[in-house]
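Asker: With the sequence up front, the predicted model follows.
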Amino acid sequence: MTAPTTLGTPPGQQPPDLLGGLTGPDDVKNLPAESLPLLAEQIRALLIEKVTAVGGHLGPNLGVVELTIALHRVFASPYDTLLFDTGHQAYVHKILTGRQYEFDTLRQPGGLSGYPSRAESAHDVIENSHASTALSYADGIAKARALDGGSGRAVVAVVGDGSLTGGLALEALNNLGAAPQRPVIVILNDNTRSYAPTAGALAAHLAALRDGTATGNLFEQLGLAYLGPVDGHDLPALDLTLRQARSLGRPVVVHAVTEKGRGYLPALADQDEKMHAVGVLDPLTGHPKSAARQTWTEVFADHVVQLGDHYTDLVTVTAAMSGPTGLSRFAARFPERCHDVGIAEQHAVASAAGLATAGARALVAVYSTFLNRAYDQLLMDVALHRLPVTFVLDRAGITGPDGASHHGMWDVPLLASVPGMRVAVPRDPSSLRELLTEALDDQEHPTALRFPKATAGADIPAVERTGPIDVLFRSAVQEVLLVAVGPLAAECLEAGRYLASTGIGTTVADPRWVLPVPRELLDLATRHRLVVTVEDNVRSGGVGDALARALADRGSRIPVTTLGLPDRFLPHGPRPQLLAAAGLSAKPIVHAVLCARADRAHPFT
C-alpha cells in the first residue's frame, strides 16, 4: 500500500480527517484548495481499505479521485447532472455525496451497490452500467432541458476511453457534434484501458493527442470543442479546464489523462488489468487472503487452449474482456487467432459471422448480459445465414455482487427465439469441456454454451446416457422427472434423493443440450406423471416453457412446473443466497414438487 503522507501537517500531529465531515458536494466546495491533496489521499486510503475487504472495482476508482473532486467543485450535483460511463468508476462520487460510512456494505446484501443507484442517492442518474450509453443519455437530457428552460443546468458525462470503442458512443458523438446549441460536457477519462489496454484505432488517436503528435483531432472534426489533454491528477489544472468547458456553452470534450490504480503499488504492478476488479485481498500485498478454487471460467480457459491446438482454424473474439472471459491464455498462445474488438458486442458478433463465412471456426466469448446488445447480429447475421458461430456466455444466471445490470438472466429466452440455435449448459467441469468440443464440432448450426460466475465444483457422474440426456439419479418407480439445467444439477440431485427417500419415485436428468428440446427428453418425460424443470434464468421463455410447448405439440397432457428466476430485476448479493430466494436450492425444489403433486400453487411461481 502506498505510504500515507501528512501534506504539510506539523510533525507529531495527525492530519485532519477531511472525509469525516463530508455530507455532500457543498462540503467539497467549501474545503480550501490547499487541503484537496490530503482529501484525495484519504479517499484512496478508504478505497483500498474497504474494497480489498469486500471486493469490487478498485483500479478504475483509484484513478479518478482528483477528477471526481474537481467535478464536484465545479458543478452542482444534482442540479447539474453527472453521468458515469461505466458506473464502476463512481465509487469516489459515492464518497463525495455522503456515502463514505456505508462502504463496509459495498456489494453486500442490502448495502451499497457497486454502481450508481437511484435508490441510494439523488446524485445517481444512470444505473444500468453497460458501457457506451452515457453520451446518448446526455444528449436526451440536454434536449429536454432546452425545452423546459433549464438550459443553465450542466449535463456532464464522464466517459472512460474504453467506452468510446462502443458504436453507441460514436453515434452519440455524431449527433452532439451536429448540435452546437446542445452544451453537453464530455469528460474523456483516458487511462488507456478498459480491463486490458484499449483496443483499436481510436486508442492510437488518443495516444497521438496525448503526445502532441496528432495531425488532426477527431472530436473537432465531428464538431465538438476540445480541451486538453489535461493531467487528470492536477487539481488546479482540472478546475481551470472544467470551468472553461462550462463557459463555452457548446458541446465540448475535456480530455483528462489519468492513471488506473494510482496510489496503490499492487494495482500499478498488475500489468494485465491494474486490479480493475478484485475479490477479498490482503491490502498490504494485494494478494488473495485465501486460495481460490477453480472457476467455470478457468475450466473454459484451459480447455479452449487445448482446442486451439486441435483446431488450427479456431479463431476467438472478445469485446474488451479477454481476461474476464477466459481468453487471455488463448491470446498468449495464439495471438493471431484472438481478436479484442473493444467494447463493441455488435461488431464482435458480426465480425464472427464474417469469420465463419470465410471458413474459420469462430468463437465469441462474452458475458451473458452483454449478449443482449448484439441480438440483431445474432439473429440476422449469424442465424439467418446458418453460420456455425459458437457463443461462450460467461456470468450466466445470477452473478452475485454486481447486481441487476450484470445478472445473466435473459440469454436462454433470447437464444430460444433464434431459429437454428443450439444451447448447451454444462453441469460440471467435465461436461463443460465435452460440450465445448461438441459445439465447435457442429458446423451446421450456431451454438451457445452458458455457465455462471462461480466455483465449478466436482464432476457429477451420470448413471446412464441416452442421446444427449444424462440420467443422474433414478429410483425404482418413475413418477417425478426433475430436469436439472446445468449447474443446478447438484441441488436437483439432493432434492431427488430426498424425494425418493420419502417414497416418491424420482428421476433426475441433465439434458446437456437444452434447446431445441431433445426428442429423448420428451420420451423420458412421457414416462413420468410430473415434470419439474429447474433453471437459473428467467422462467418466461426458458427451458421449462420450451419443454411444456414441445410436450403439448405431441399431444401430451403431462403437467410441467417451471422453476427459475422471477421476471424482475434482482438485487446484488451472494449467488447461493439469491438462488435460494428464487426457490432454486434443494429444499424449495422439494417443496415445489410436493405442491405440484398436490395440485396447488407454490411460493416461487
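Answerer: That came through, no problem.

Asker: Report whether the expected contact of Val304 with Tyr311 is present.
Answerer: No - between Val304 and Tyr311 there is no contact under CB atoms under 8 Å: 9.9 Å. (Glycine included, C-beta is placed from N, CA and C.)

Asker: Looking at those two, which is more packed in?
Answerer: When neighbours are counted by other CB atoms under 10 Å, Val304 and Tyr311 differ, and Val304 comes out ahead with 26 against 17.

Asker: Nearest to the spatial middle of the protein, which residue is it?
Answerer: Among the residues of the chain, the one closest to the centroid is His406, at 4.4 Å (CA atoms, centre = their mean).

Asker: need the longest helix for this structure.
Answerer: Across the chain, the longest stretch assigned as helix under DSSP state H is helix 36-54.

Asker: Show me what it is packed up against.
Answerer: Contact here means 3 or more CB pairs under 8 Å, 6 or more residues apart in numbering; DSSP states H and E; on that basis helix 36-54 packs against helix 59-62, helix 65-74, helix 91-94, helix 235-248.

Asker: pLDDT of that helix, averaged?
Answerer: Here helix 36-54 scores 97 as its mean pLDDT.

Asker: What of stretch 404-415?
Answerer: Average pLDDT, stretch 404-415: 96.

Asker: Near Gln443, how many other residues are there?
Answerer: Per other CB under 10 Å, the neighbour tally for Gln443 reads 11.

Asker: scratch that, Trp513 is what I was asking about
Answerer: Neighbour count for Trp513, taken as other CB under 10 Å: 22.

Asker: What of Gly140?
Answerer: Neighbourhood size, Gly140 [other CB under 10 Å]: 13.

Asker: State whether it is indeed within a strand.
Answerer: No - Gly140 is assigned helix when assessed by DSSP: H, G, I helix; E, B strand; the rest coil, not a strand.

Asker: and the gap between it and Val125?
Answerer: Gly140 sits 12 Å away from Val125, taking CB to CB, to the nearest Å as the criterion.

Asker: Identify the contacts common to those two.
Answerer: Common neighbours of Gly140 and Val125, using CB atoms under 8 Å, 6 or more residues apart in numbering, do not exist here.

Asker: per-residue confidence for Thr6?
Answerer: 49.

Asker: again with Ala291
Answerer: 78.

Asker: please begin residue numbering at 10 from this point
Answerer: Renumbered: residue one is now 10, and that last one reads Ala300.

Asker: Is it in a helix, a strand, or coil?
Answerer: coil.

Asker: Next, count neighbours for it.
Answerer: Quick note: Ala300 (other CB under 10 Å) scores 5 neighbours.

Asker: Got phi/psi on it?
Answerer: Taking degrees, to the nearest 10, you get phi -70, psi 130 for the backbone angles of Ala300.

Asker: From Thr464, how far out is it?
Answerer: Separation of Ala300 from Thr464 (CB to CB): 12 Å.

Asker: Adding mean pLDDT, distance to Ala357 and mean neighbour count, write the helices and strands packed on helix 45-63 out as JSON lines.
Answerer: As requested, these are exported to JSON lines (pLDDT from 0 to 100; distance: least, CB to CB, whole Å; neighbours: other CB atoms under 10 Å):
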{"stretch": "helix 68-71", "mean pLDDT": "96", "distance to Ala357": "22", "mean neighbour count": "27"}
{"stretch": "helix 74-83", "mean pLDDT": "98", "distance to Ala357": "29", "mean neighbour count": "25"}
{"stretch": "helix 100-103", "mean pLDDT": "98", "distance to Ala357": "28", "mean neighbour count": "27"}
{"stretch": "helix 244-257", "mean pLDDT": "98", "distance to Ala357": "33", "mean neighbour count": "17"}
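
Asker: Compare those helices and give me the one nearest Ser439.
Answerer: Nearest of the helices and strands packed on helix 45-63 to Ser439, taken as CB to CB: helix 68-71 at 34.8 Å.

Asker: the strands in the stretch 310-459 of the chain, which residues?
Answerer: Here the stretch 310-459 of the chain has its strands, by DSSP state E, counting those that start in this stretch, at 323-327, 347-349, 370-376, 399-403, 431-433, 456-459.

Asker: Any stretches of the stretch 510-614 of the chain with poor pLDDT?
Answerer: Within the stretch 510-614 of the chain, the set of residues satisfying pLDDT under 70 comprises 611-614.

Asker: Could you pull out the helices in it for me?
Answerer: Using DSSP state H, counting those that start in this stretch, the helices of the stretch 510-614 of the chain run over residues 528-534, 552-562, 584-590, 595-606.

Asker: Could you export these as JSON lines, including mean neighbour count and distance to Ala359?
Answerer: As requested, the helices of the stretch 510-614 of the chain are exported to JSON lines (neighbours: other CB atoms under 10 Å; distance: least, CB to CB, whole Å):
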{"stretch": "helix 528-534", "mean neighbour count": "19", "distance to Ala359": "33"}
{"stretch": "helix 552-562", "mean neighbour count": "19", "distance to Ala359": "27"}
{"stretch": "helix 584-590", "mean neighbour count": "17", "distance to Ala359": "32"}
{"stretch": "helix 595-606", "mean neighbour count": "19", "distance to Ala359": "40"}
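
Asker: Tell me which of the ones you listed sits nearest to Pro34.
Answerer: Smallest distance to Pro34 across these (CB to CB): 33.6 Å, for helix 584-590.

Asker: what's the closest one in contact with?
Answerer: In contact with helix 584-590 (CB under 8 Å, 6+ apart) are residues 118, 406-409, 461-463, 497, 500, 545, 579-580, 594, 597.

Asker: same thing but 10 Å
Answerer: For helix 584-590, contacts defined as CB atoms under 10 Å, 6 or more residues apart in numbering pick out 118, 406-410, 416, 461-464, 496-497, 500, 545, 574-575, 579-583, 593-597, 613.

Asker: If I take the longest strand seen in the chain and helix 552-562, what angle do their directions form?
Answerer: Taking DSSP state E as the criterion, the chain has its longest strand at strand 539-547. Interaxial angle of strand 539-547 relative to helix 552-562 (axes from the mean of the first three to the mean of the last three CA atoms, to 10 degrees): 140 degrees.

Asker: Can you list the strands that strand 539-547 pairs with?
Answerer: If you go by DSSP bridges, strand 539-547 pairs up with strand 489-493 (parallel), strand 569-574 (parallel).

Asker: Pull the distance from the last one to the chain's centre.
Answerer: Taking the mean of its C-alpha atoms, strand 569-574 sits 25 Å from the chain's own mean (CA atoms, centre = their mean, to the nearest Å).

Asker: I'd say Ser331 and Phe339 touch.
Answerer: Yes - counting by CB atoms under 10 Å, Phe339 is a contact partner of Ser331 at 8.1 Å.

Asker: Which residue ranges of the stretch 160-309 of the chain form helices?
Answerer: Here the stretch 160-309 of the chain has its helices, by DSSP H, counting those that start in this stretch, at 176-186, 210-220, 227-230, 244-257, 274-278, 305-319.

Asker: if we can go back for a sec, save the strands of the stretch 310-459 of the chain as JSON lines, and put in mean neighbour count too.
Answerer: Below are these laid out as JSON lines (neighbours: other CB atoms under 10 Å):
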{"stretch": "strand 323-327", "mean neighbour count": "25"}
{"stretch": "strand 347-349", "mean neighbour count": "23"}
{"stretch": "strand 370-376", "mean neighbour count": "26"}
{"stretch": "strand 399-403", "mean neighbour count": "26"}
{"stretch": "strand 431-433", "mean neighbour count": "24"}
{"stretch": "strand 456-459", "mean neighbour count": "27"}
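
Asker: and Asp89, which of the ones you listed is closest to it?
Answerer: Ranking these by proximity to Asp89 (CB to CB) places strand 370-376 first, at 32.1 Å.
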